[in-house]
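> from the sequence below, what's the structure:
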Amino acid sequence: MMRCFLAFVILVTCSLPSAVAIEARAADDLNKAVAAMRKINLTSLSEKQKQAKSQELDKAWKTVVDAGSKGIAALKEEIRKIDVSKEKDDFFMLSAAALLWQIGKVSEAKTIQGDVGSKTT
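So this is what the prediction gives:
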């Protein structure tokens with residue numbers, strides 16, 4: 001019995017760093033996804049660049065959606081930063097609105113209408 005307990009403790013102890021590393025990697029991927037959605041000026045991109053950016057955005061959107069509530073939190077934090085800095089980033093705000101709706105549906109309607117909607121006019 002004691003051997004089983006010891007083996008269990010060793011197994012749990014060895015797997016913890018992996019779980020922490022996975023969580024850190026997911027957070028880093030989410031931050032990169034949000035950053036990829038920022039400050040996009042389509043008029044300055046060639047057709048080839050637009051295609052590459054489209055693929056990058058598809059991946060970013062998937063990352064945010066897959067993150068669920070953490071994705072919502074990351075989008076809201078970025079919206080807050082935009083608001084505080086009084087930046088104008090309509091492409092991001094429209095993308096954020098679409099993602100908030102896709103992930104949170106009606107529960108995010110107030111955020112979409114209030115925070116996002118008022119920043120794109």
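
> all contacts plus neighbour counts: C-alpha atoms, from now on.
Fine.

> so what does N41 look like in phi/psi?
Main-chain dihedrals, N41, degrees, to the nearest 10: phi -120, psi 90.

> report the contact partners of it.
Under the criterion of Cα atoms under 8 Å, 6 or more residues apart in numbering, N41 has no neighbours.

> how close does it sit to D89?
Applying Cα to Cα, to the nearest Å, the value for N41 to D89 is 9 Å.

> mean pLDDT per helix and strand in the chain: which one sits at the bottom?
Taking mean pLDDT, DSSP states H and E as the measure, helix 117-119 is the helix or strand of the chain with the lowest mean score, a mean of 55.

> which SS state does K39 fall under?
coil (DSSP: H, G, I helix; E, B strand; the rest coil).

> what's the burial count for it?
By other Cα atoms under 10 Å, 13 other residues sit near K39.

> wait, what's in contact with it?
D89, F91, F92.

> for it, what are phi and psi?
K39 adopts backbone torsions of phi 50, psi 50, taken as degrees, to the nearest 10.

> that one and E23, how far apart?
Between K39 and E23 the computed distance is 27 Å (Cα to Cα).

> which stretches of the chain form helices?
2-36, 47-67, 69-85, 90-104, 109-111, 117-119 (DSSP state H).

> deepest in the core, which of these is it.
With neighbours taken as mean count of other Cα atoms under 10 Å, the helices of the chain reach their highest mean count in helix 90-104, at a mean of 19.

> other SSEs contacting that one?
helix 47-67, helix 69-85, helix 117-119 (3 or more Cα pairs under 8 Å, 6 or more residues apart in numbering; DSSP states H and E).

> what's the average pLDDT for that helix?
Averaging pLDDT along helix 90-104 gives 95.

> how far is that helix from where the chain is centred?
11 Å (Cα atoms, centre = their mean, to the nearest Å).

> what angle sits between it and helix 47-67?
Going by axes from the mean of the first three to the mean of the last three Cα atoms, to 10 degrees, helix 90-104 is angled at 30 degrees with respect to helix 47-67.

> could you check how far T43 is from R80?
Taken as Cα to Cα, the span from T43 to R80 is 26 Å.
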